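>>> the following comprises the amino acid sequence and a computationally predicted model.
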Amino acid sequence: MANTLRDRVEAGFENWGRIVVDRPLAVLLTSLAVALGCVAGLPRVYMDVTFEAFLGHDDSFRVNYEAFRERFGRDEKITVAIERGQAAGPETPGIFDFTFLERLRDFHNAIEKRVPHLVEITSLINARDTRGDGDTLRVEGFLDPWPENTEELALRKERALSNPLFRNHILSQDGRTATLVLELQLYSSLGVEEERLSGFDEGAHATDETPPLLTGAETAEVVSRLREVIAEFESADFVIHSGGSPVMLQTISSSMARDMPRFAALAILTIAALLYLLFRRVIAVVIPLLVVALSVASTVGLMGWSGVPIHVPTQILPSFLLAVAVGDAVHLLSIFFERIRSGDERADALAHALGHSGLALVLTSVTTAGGLLSFSTSALTPVAMIGIFAPTGVMIALFLSLTMLPALLAIAPIGAPRGRLVSREQNVLDRSLAGFGRFATRHPRSVVGLSTLLAIAAGLGASRMELSHDPISWLGEDTRIVRDTRFMNEHLGGAVSFEVLLESDAPGGIRQPEALQRLAALGRSFEEESRDGVSAGQTISLADIVKEINRALNSDRASAYVIPEDPLLIAQELLLFENTGADDLEEITDPQYEIARMSVRMPWRDAVRYTKFFDLATADTETALSDLGRPVITGILAILVRTISQVVTSMAQSYVLAFAVITPIMVLLLGNLRTGLLAMIPNTMPILLTLGLMGSFGFPLDAFSLMVGGIALGLAVDDTIHFMHNYRRYRAQGMDLEAAIEATLLTAGRAMLITTTVLSVGFLGFTMSSMVNLNNLGVLVAFATLTAFLADVLLAPALLALIDRDATA
């Protein structure tokens, strides 16, 4: 940017300062009206912690999943496993004695009565038992009628353990663990009663509008009520474990609700303390905090107006924006109070502060927004939303810093500083900053050489980074859901599932012997064959029900547990099954038998470890079923695997776009292509060092840590712009290189140190989180922020010493 243009822009900001002084109430009320209009959206804000929320609505995996869910209901079930504890003694018959089963029945009935929003509960108490009675097919509850003696109970035990559809579904293979499987409603109950009542008044007009899905609050109510029942029934010989994605997601949501106020409070306390230590005036604490709080509230309010929920990753927004917004305030206040101490009138001090820092604030805000805007192209919806609303928040903070902040400074009583202000010569921080500058300008090759070695080491460390997407690992080892999920992996074959759908080309196509045989063979291969070291705990499809019916109609002979070769016989057997009143077929096929569903139960583990498995499973499914129709793999596990596949793509796109946005701004600011490109080196170092830290110390690359680079780049450029902006001003005044760098560090450097401290402490507050992923993110961003500051006070001066020592300003 040419000096004349820069001078005109700075003069324009100075004139704006005088306008604010002349009309402070008009500026204040206008900015307040804009902010409050945004803040009014806060009541509309809600949380969405579902796994599918990571993918866009047009993502093919999400489209397939939502179509599946609309047709067959939720695949996200809650599994409650009851283990026969050691208190029962080693000689007990496991779960098959009257004491245990009676308690299980009471537990089942209590859940059915007290837990809302459930479609169905399945356990040994009411599990489908299909039997033949002559030519009659009977489908009854497994324990209906209740066994009257130990002999009858022994027969039920034998029947249960020999039923393939029971194993790893409603009981473990060793017979010591029973389960209850809870299916939740797909749609919300909110407004249902009101709609019924209004229907009487309005003629009960039908509507094609899709009802809302079960809300997070309703899911939380399910889990909360379930935990109440569990607490009442659990004992030393009735040990209860609960798992499934609804329980996991509710645990994550609860952690978010606890953590977000904690993070915000810590950030506000840190900001208040640092502002008071820096300026020694109460007004210098109150005004920035008001502006900062309105910036954050306005941004979150805009999310509410836009109908965008808070996802797990987006909970970092308030703390991030608090830290960024206070940076704007600190740079303005530093110059303003410096001029006040020098004897300037309030109007002159305010105009000078805006003239000195206004352009730099705009450029730093634009570059920070540009770095964050790079996330908006991400295929991961929460990350993309950060890429939209974080830049929006940065620009809102800029707007309020250039309007509300100076307006309040124009009318508020400034007062005298409290306590003794340490002189600059005696100030340890100032002496340290000046020392950094002198060392870097006197030993530039040493600084650049050491930085090069660190960059090489960081590159080697970064090469060891590993991908991860494991929501359960976010919760920490001591969390009950983590322990319970591991129990289910070990004793029930898994705690998560995926679905295979086959859409036939013709009505009745999937009940043909060939189609059923193929489904059965594919299910066996999932259970018996290892793909990348993992196999299924259980598969259930229409083929299994056909085999169950056939065996029941053939005197329960084990040899009859097969699929008949006659398609007419299959059709007759299925008709008999339907005529019993059983509705189980609705969960695995449609009335025309055009669509088949196979549910595949898998162990829970990091989605990265399922990437190769899914490649193999997809290929095998295509080979087995593609000539019968259109096979599709979907379900929660497929969503998790799809999410991790988007992480690398999103990271590469975000980083490239961030550099593409920020580099031209740096070149434009510095007015020289070579200098602008060299100035990007200090901004690249924090990213490279942070990635090296991740690889060296085992921080996973996930949907959270992929954001570190973009955040670090945007924040690093803030410091670089303030540094370069002030450096060029002092060079233009005739100072030599070393004097200009020292003067820069004693003005902008102090504000840079304060903002670095605020950002670092604010993000280190994430280490207080109960969620491991936020702990990691806090450490990484704090590290990146600190290294960005060091790069600007050491590496940037060293580079300038090598290229600009003899240059004219």
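Great, that's in hand.
>>> which elements pack onto the helix or strand hosting residue 544?
Assigned by DSSP states H and E, residue 544 belongs to helix 542-552. Contacts defined by 3 or more CB pairs under 8 Å, 6 or more residues apart in numbering; DSSP states H and E place helix 542-552 against strand 128-133, strand 136-141, helix 513-528, helix 567-579. Bear in mind the C-beta positions are built from the backbone N, C-alpha and C, glycine included.
>>> can you add distance to residue 235 and mean pLDDT and give the ones you listed back as TSV?
Output for the helices and strands packed on helix 542-552, formatted as TSV (distance: least, CB to CB, whole Å; pLDDT from 0 to 100):
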stretch	distance to residue 235	mean pLDDT
strand 128-133	28	88
strand 136-141	25	88
helix 513-528	34	96
helix 567-579	39	93
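>>> of the ones you listed, which is nearest residue 52?
helix 513-528 (22.7 Å; CB to CB).
>>> on that earlier part again, what does the helix holding residue 544 contact?
130-132, 137-138, 164-165, 510-511, 516-517, 519-520, 523, 557-558, 560-564, 570, 573-574, 576-577, 584-585, 588-589, 596-597 (CB atoms under 8 Å, 6 or more residues apart in numbering).
>>> could you do stretch 136-153 as well?
Here stretch 136-153 makes contact (CB under 8 Å, 6+ apart) with 96-98, 101, 105, 124-132, 155-156, 159-160, 549, 552-553, 573, 576-577, 580-582.
>>> starting at the chain centroid, how far to stretch 525-532?
Distance of stretch 525-532 from the chain centroid (CA atoms, centre = their mean, to the nearest Å) equals 31 Å.
>>> number the residues from 391 up from this point.
Yes, from this point I'll number from 391; that puts the last item at stretch 915-922.
>>> CA atoms only for it - export them in CSV, please.
Output of stretch 915-922 as CSV, limited to C-alpha atoms (Å, rounded to 0.1, in the frame of the first residue of the first chain):
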residue,chain,number,x,y,z
SER,A,915,-19.0,-63.3,6.2
PHE,A,916,-19.4,-60.2,8.3
GLU,A,917,-19.6,-62.4,11.5
GLU,A,918,-17.0,-65.0,10.6
GLU,A,919,-14.4,-63.3,8.4
SER,A,920,-12.0,-60.6,9.7
ARG,A,921,-11.7,-57.5,7.6
ASP,A,922,-8.7,-55.4,8.7
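>>> all helices of the stretch 691-840 of the chain, in order?
For the stretch 691-840 of the chain, the helices defined by DSSP state H, counting those that start in this stretch cover 707-731, 736-763, 771-792, 794-801, 818-832, 834-852.
>>> looking at those helices, which is closest to residue 468?
helix 771-792 (24.3 Å).
>>> quick one: that closest one to helix 736-763, angle?
170 degrees (axes from the mean of the first three to the mean of the last three CA atoms, to 10 degrees).
>>> by contact count, what packs against helix 771-792?
helix 414-429, helix 673-696, helix 707-731, helix 736-763, helix 1026-1060.
>>> out of the ones you listed, which gets nearest to residue 854?
Residue 854 lies closest, by CB to CB, to one member of the helices and strands packed on helix 771-792: helix 1026-1060, at 15.2 Å.
>>> list the buried residues for that closest one?
Using 16 or more other CB atoms under 10 Å as the test for burial, helix 1026-1060 gives 1026-1037, 1040-1041, 1043-1045, 1047-1049, 1051-1053, 1055-1057, 1059-1060.
>>> before we move on, what about stretch 416-433?
Within stretch 416-433, judged by 16+ other CB under 10 Å, the buried ones are 417, 418, 421, 422, 424, 425, 428, 429, 431.
>>> got those as a markdown table, with pLDDT columns?
Formatted as a markdown table, the buried residues of stretch 416-433 follow (pLDDT from 0 to 100):
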| residue | pLDDT |
| --- | --- |
| 417 | 95 |
| 418 | 95 |
| 421 | 96 |
| 422 | 96 |
| 424 | 96 |
| 425 | 96 |
| 428 | 96 |
| 429 | 96 |
| 431 | 96 |
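>>> closest one to residue 684 out of the residues you listed, please.
For the buried residues of stretch 416-433, the nearest to residue 684 is residue 425 (4.6 Å; CB to CB).
>>> wait, doesn't that closest one sit right on residue 684?
Yes: using CB atoms under 8 Å, residue 425 makes contact with residue 684 at a distance of 4.6 Å.
>>> packing partners of the host helix or strand of residue 1168?
Applying DSSP H and E as the criterion places residue 1168 in helix 1162-1180. For helix 1162-1180, the packing partners by 3+ CB pairs under 8 Å, 6+ apart come out as helix 1063-1087, helix 1097-1122, helix 1138-1154.
>>> just put the ones you listed in a markdown table and tack on mean neighbour count.
As requested, these are exported to a markdown table (neighbours: other CB atoms under 10 Å):
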| stretch | mean neighbour count |
| --- | --- |
| helix 1063-1087 | 20 |
| helix 1097-1122 | 26 |
| helix 1138-1154 | 24 |
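>>> to residue 881, which of those helices lies closest?
Nearest of the helices and strands packed on helix 1162-1180 (CB to CB): helix 1063-1087, 34.0 Å.
>>> pLDDT (mean, whole number) over the closest one?
For helix 1063-1087, mean pLDDT is 87.
>>> who's in contact with residue 1110?
1056, 1069, 1072, 1073, 1182, 1186.
>>> please report how far it lies from residue 1053.
12 Å (CB to CB, to the nearest Å).
>>> next: residue 999.
Relative to residue 1053, residue 999 is positioned 38 Å away (CB to CB).
>>> same question, residue 1005
Separation of residue 1005 from residue 1053 (CB to CB): 37 Å.
>>> ditto for residue 910
Residue 910 is 59 Å from residue 1053, by CB to CB.
>>> still on that earlier bit, so for residue 1126, which of the helices of the stretch 691-840 of the chain sits nearest?
The closest of the helices of the stretch 691-840 of the chain to residue 1126 is helix 818-832. By CB to CB, the value is 9.8 Å.
>>> sorry, back to before: quick one: which of the helices and strands packed on helix 771-792 is nearest residue 1136?
If we rank the helices and strands packed on helix 771-792 by CB to CB, the stretch that ends up nearest is helix 707-731, at 10.3 Å.
>>> report the residue ranges of every domain in this structure.
393-424+640-803+818-862+1032-1193, 466-584+599-639, 878-1028 (automatic domain parsing).
>>> now the helix holding residue 1168 against helix 1138-1154, angle please.
Going by the same axes, to 10 degrees, helix 1162-1180 makes 170 degrees with helix 1138-1154.
>>> give me the buried positions along helix 1162-1180.
1162-1180.
>>> gap between it and the chain center?
17 Å.
>>> per-residue confidence averaged over that helix?
On average, helix 1162-1180 scores 90.
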